[in-house]
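Trainee: structure for this input, please:
(one chain, ligands or ions: 1)
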Amino acid sequence: MTNFLENKRILLIVTGGIASYKSLDLIRRLQEKKVKVDCILTESAKKFINPITFESLLGRKVYSNLFSLSQEKEMSHIKLASNSDAIVVIPCTANFIAKMANGIADDLSLNVLLASNKIKIIAPAMNTNMFNNEAVKLNLKSLNKMNVKILSPKKGKLACGTVGTGKLMEIEEIIEKINNIFSPRELSGLTAVVTAGPSIEMIDPVRYLSNFSSGIQGYEIAKSLHNHGAKVTLVTGKTSLDEPKDLEIIKVTDAEEFYKICVSKLPYDIFVSTAAISDWKVKKKFSNKIKKNNNEINLVLRENIDVLKKISQTKNKPKLVIGFSAETTNLINFSKNKLFKKGCDWIIANNVKTQLVFGSNYNQVSFITKNKVEYWRKMKKYEVAKKITKKIVNFFKKNKLIL
Ligand SMILES: Cc1cc2nc3c(=O)[nH]c(=O)nc-3n(C[C@H](O)[C@H](O)[C@H](O)COP(=O)(O)O)c2cc1C
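Mentor: Numbering: from 1, shown residues only. Alright, predicted model coming up:
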């Protein structure tokens with residue numbers, strides 16, 4: 001996950017619910033992401049957790065009293081409102097939701113919220129019946145209309161012993177959502193298809209031709225484009241990776257299937273062909289398991305459909321087509337040839353002989369266009385994805401296809 005939270009300032013309001021203690025974990029994780037966190041506790045929150053726990057974690061005072069002369073002198077409530085990049089209320093009680101939705105300002109936190117025009121995010125947590133109560137639903141609807149981002153509670157076992165919706169979203173997911181809210185969405189309005197992972201070409205019902213592609217690089221690119229606002233379809237061969245959230249994922253097996261999906265999605269703006277699609281398939285698949293015979297078997301292979309070439313040369317070609325090449329010799333020459341022969345715009349080339357690429361989290365690639373070659377240092381695959389995304393954003397900006 002690209003960290004868009006670095007150097008951001010977040011004001012965390014903790015309200016008085018059973019999940020209040022989880023905000024401590026949230027603070028710790030935000031700090032790991034280099035976020036500067038300020039904190040307000042409601043009077044009820046202080047009944048669940050002692051401010052001193054927060055103060056020792058933050059290394060400074062927490063706020064809570066609207067009428068405290070010393071607190072107001074140190075940081076006025078108006079300054080607290082304007083100082084942060086976002087205000088997050090985690091966990092957010094039913095009571096607090098009602099007050100926020102109605103513009104009530106009877107404590108420090110609610111005054112700060114009213115006085116702030118920054119991004120507001122809440123993560124409600126409460127008993128299921130409370131969450132399903134019409135009053136709470138109406139209040140959440142009002143907050144949604146006011147552009148407050150609501151991180152909806154999950155279904156699960158609640159502190160009161162019941163099972164139902166009302167459990168605070170997992171802290172890790174909360175961080176991911178907040179991070180996404182901060183992502184620069186320069187690619188919003190654009191659509192992208194990214195292929196990833198290996199193809200599998202069946203030989204007989206139990207055997208196949210494939211390769212060692214792990215899918216990591218393609219998944220990172222798909223996530224990065226999504227984080228920058230593009231609507232992404234990830235067309236993926238078999239991998240053991242977690243499915244990225246919030247993007248369309250289509251699982252395929254062989255080259256024909258990769259092609260069928262990629263072509264059916266046209267028109268789209270960006271095509272990134274990261275998948276390692278087999279150059280060959282057996283000329284004729286065996287319908288039954290091949291039996292041992294005479295020590296040898298001749299498999300006749302024929303060239304597979306070339307997905308990158310087909311998409312590059314189609315009439316309604318995406319505005320930007322990016323291919324990947326994995327070579328063991330002559331990396332730059334072979335990759336340049338590939339670029340011209342197929343008609344794609346860029347090639348990301350990696351040498352799979354001199355470095356372990358398959359399954360590794362690291363990659364050292366060269367970035368090749370029609371008239372230049374850039375040698376990039378070895379970096380994590382998510383960093384490669386970030387760098388490619390930056391190039392994509394610049395391409396669309398330069399060609400005035402986005403603002
Ligand atoms: C033990 C206990 C647990 C509570 N847990 C929750 C909760 O999870 N969610 C909620 O909305 N209210 C919960 N409440 C009720 C709130 O504490 C109460 O509405 C309070 O006024 C909230 O104040 P605040 O919104 O200013 O923090 C709980 C109350 C008690 C006594």
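Trainee: quick one: residues contacting residue 66.
Mentor: With contact taken as Cβ atoms under 8 Å, 6 or more residues apart in numbering, residue 66 is in contact with 72, 77, 107-108, 111. C-betas here are computed from N, CA, C, even on glycine.
Trainee: and the residues you listed as JSON lines, adding pLDDT and distance to the ligand?
Mentor: Shown next, in JSON lines, are the contacts of residue 66 (pLDDT from 0 to 100; distance: Cβ to the nearest ligand atom, whole Å):
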{"residue": "72", "pLDDT": "69", "distance to the ligand": "19"}
{"residue": "77", "pLDDT": "77", "distance to the ligand": "16"}
{"residue": "107", "pLDDT": "93", "distance to the ligand": "7"}
{"residue": "108", "pLDDT": "93", "distance to the ligand": "11"}
{"residue": "111", "pLDDT": "93", "distance to the ligand": "13"}
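Trainee: from those, pick the one nearest residue 25.
Mentor: Taking Cβ to Cβ as the measure, residue 108 is the one of the contacts of residue 66 closest to residue 25, at 23.4 Å.
Trainee: so the residue in the stretch 301-403 of the chain that the ligand sits nearest to, which of the three states?
Mentor: Closest approach of the stretch 301-403 of the chain to the ligand (Cβ to the nearest ligand atom) occurs at residue 382, with a separation of 35.6 Å. Recorded secondary structure, residue 382: helix (DSSP: H, G, I helix; E, B strand; the rest coil).
Trainee: OK, contacts around the nearest residue to it once chain neighbours are set aside?
Mentor: If you skip the residues right next to it in sequence, residue 382 has residue 220 as its closest partner in space, 4.6 Å away by Cβ to Cβ, 6 or more residues apart in numbering. Contacts for residue 220 (Cβ under 8 Å, 6+ apart) come out as 381-382, 384-385.
Trainee: what's the most distant pair in these?
Mentor: Greatest spacing in the contacts of residue 220, by Cβ to Cβ: 382 and 384 (7.3 Å).
Trainee: the two: who's more crowded?
Mentor: Regarding residue 382 and residue 384, a neighbour count based on other Cβ atoms under 10 Å identifies residue 384 as having more, with 24 against 19.
Trainee: list the contacts of the more buried one.
Mentor: Taking Cβ under 8 Å, 6+ apart as the contact definition, residue 384 lies against 217, 220, 348, 363, 365, 376.
Trainee: can you give me the neighbour number for the first one?
Mentor: By the criterion of other Cβ under 10 Å, residue 217 has 30 neighbours.
Trainee: leaving out the residues flanking it, which one is nearest to residue 84?
Mentor: For residue 84, the nearest residue in space outside its immediate sequence neighbours is residue 11; the separation is 4.0 Å by Cβ to Cβ, 6+ apart.
Trainee: and that neighbour, its phi and psi?
Mentor: Phi and psi for residue 11, reported as degrees, to the nearest 10, are phi -100, psi 120.
Trainee: run through the bridge partners of it.
Mentor: Partner residues in beta bridges with residue 11: residue 38, residue 87, with DSSP bridges as the criterion.
Trainee: sorry, back to before: sec struct for the residue nearest to residue 382, please.
Mentor: At residue 220, secondary structure determined by three-state DSSP is helix.
Trainee: again, but for residue 400
Mentor: Assigned with three-state DSSP, residue 400 falls in the coil class.
Trainee: same deal with residue 122?
Mentor: strand.
Trainee: neighbours around it, how many?
Mentor: 25.
Trainee: who in this protein is up against the ligand?
Mentor: Taking Cβ under 6 Å from any ligand atom, the part of the chain that reaches the ligand is made up of 15-19, 42, 44-45, 93-96, 125-126, 130.
Trainee: buried ones among those?
Mentor: When the residues of the chain next to the ligand are checked for burial by 16 or more other Cβ atoms under 10 Å, the buried set is 15-19, 42, 44-45, 93-96, 125-126, 130.
Trainee: return the subset of these lying in strands.
Mentor: When those are checked against strands (DSSP state E), there are no matches.
Trainee: from those, which is closest to residue 117?
Mentor: When these are compared against residue 117 (criterion: Cβ to Cβ), the nearest one is residue 96, at 19.3 Å.
Trainee: grab the nearest non-local neighbour of the closest one.
Mentor: In space, not counting the residues next to it along the chain, residue 96 is nearest to residue 15; the distance is 4.5 Å by Cβ to Cβ, 6+ apart.
Trainee: for that neighbour, list the residues it contacts.
Mentor: Shown here is residue 15, whose contacts under the criterion Cβ under 8 Å, 6+ apart are 42, 44-45, 89, 91-93, 95-96, 109.
Trainee: equivalent analysis for residue 319, please.
Mentor: Residue 319 makes contacts with 269-270, 396, 399, 401, as judged by Cβ under 8 Å, 6+ apart.
Trainee: selection in ChimeraX covering whichever of those residues are buried, please.
Mentor: Burial among these is assessed by 16+ other Cβ under 10 Å; the matching ChimeraX selection reads:
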select :269,270,396
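Trainee: care to break this protein down by domain?
Mentor: For the chain, the structural domains run 9-181, 191-398, going by automatic domain parsing.
Trainee: I'm done for today, thanks for sticking with me.
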